[in-house]
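Novice: coordinates only, sequence not included:
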């Protein structure tokens, strides 16, 4: 997933005997633990057991888990359910890197938190293989970058890659230039 995107999480709750609690028998809470964080925080709560969480927007690599409150019946015909939680699952988030639409002057921006960091540029005559390092550039203090590619004869393929770290996945884009 790329920074700024959103995610949809659907919950299907079942008990050990294979039956699901009734729709109003307890609440379901989506919990999150961001990279580098030490405490799980609630993201959203549903007042029913058939929960769907829309527009979840992780800001960095994040672990999620679903916590069920449990349910204690006040009547003899309903079942009791103990509180439980799902196994954690991780959503990786890559920094967003913008690319131009055309040309030999490549400029854009990497967000978030990519000030004065490297972008590795590789080049190849073939689209699928044979890439060799061409140049490493750095972003400015606002995360912006710019580089002028050489006007070589023929078709050339380029890759621009940002490095990943503990909070974000690596990301990049491909580019093609040609001179007849």
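Specialist: Arrived safely, thanks for sending. Source: prediction; values computed, not measured.
Novice: tell me how far residue 108 lies from residue 178.
Specialist: Separation of residue 108 from residue 178 (C-beta to C-beta, to the nearest Å): 20 Å. Where you see a C-beta, it was placed from the backbone N, CA and C, and this is true even at glycine.
Novice: settle it for me: which of those two has more neighbours?
Specialist: Using other C-beta atoms under 10 Å, the more surrounded residue of residue 108 and residue 178 is residue 108, with 17 against 11.
Novice: and that one, what are its bridge partners?
Specialist: When assigned by DSSP bridges, residue 108 has beta-bridge partners residue 145.
Novice: which residues touch it?
Specialist: 97-100, 144-145 (C-beta atoms under 8 Å, 6 or more residues apart in numbering).
Novice: buried among those? Make that a ChimeraX selection.
Specialist: Buried residues among these (16 or more other C-beta atoms under 10 Å), as a ChimeraX selection:
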select :97,145
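Novice: of all the contacts of residue 108, which comes closest to residue 164?
Specialist: Comparing the contacts of residue 108 against residue 164 with C-beta to C-beta places residue 97 closest, at 12.2 Å.
Novice: that closest one - nearest residue in space that isn't next to it in sequence?
Specialist: Closest residue to residue 97 apart from its sequence neighbours, by C-beta to C-beta, 6 or more residues apart in numbering: residue 110 at 4.8 Å.
Novice: where's that neighbour, which helix or strand?
Specialist: With elements taken from DSSP states H and E, the one containing residue 110 is strand 105-111.
Novice: chain center to that strand, what's the gap?
Specialist: In terms of C-alpha atoms, centre = their mean, to the nearest Å, the centre of strand 105-111 is set 20 Å apart from its chain centre.
Novice: ok, so of the contacts of residue 108, who is nearest residue 133?
Specialist: Distances from residue 133 to those, taken by C-beta to C-beta, are shortest for residue 145, at 16.5 Å.
Novice: contacting residues for that closest one?
Specialist: Residue 145 neighbours (C-beta under 8 Å, 6+ apart): 106-110, 119, 137-139.
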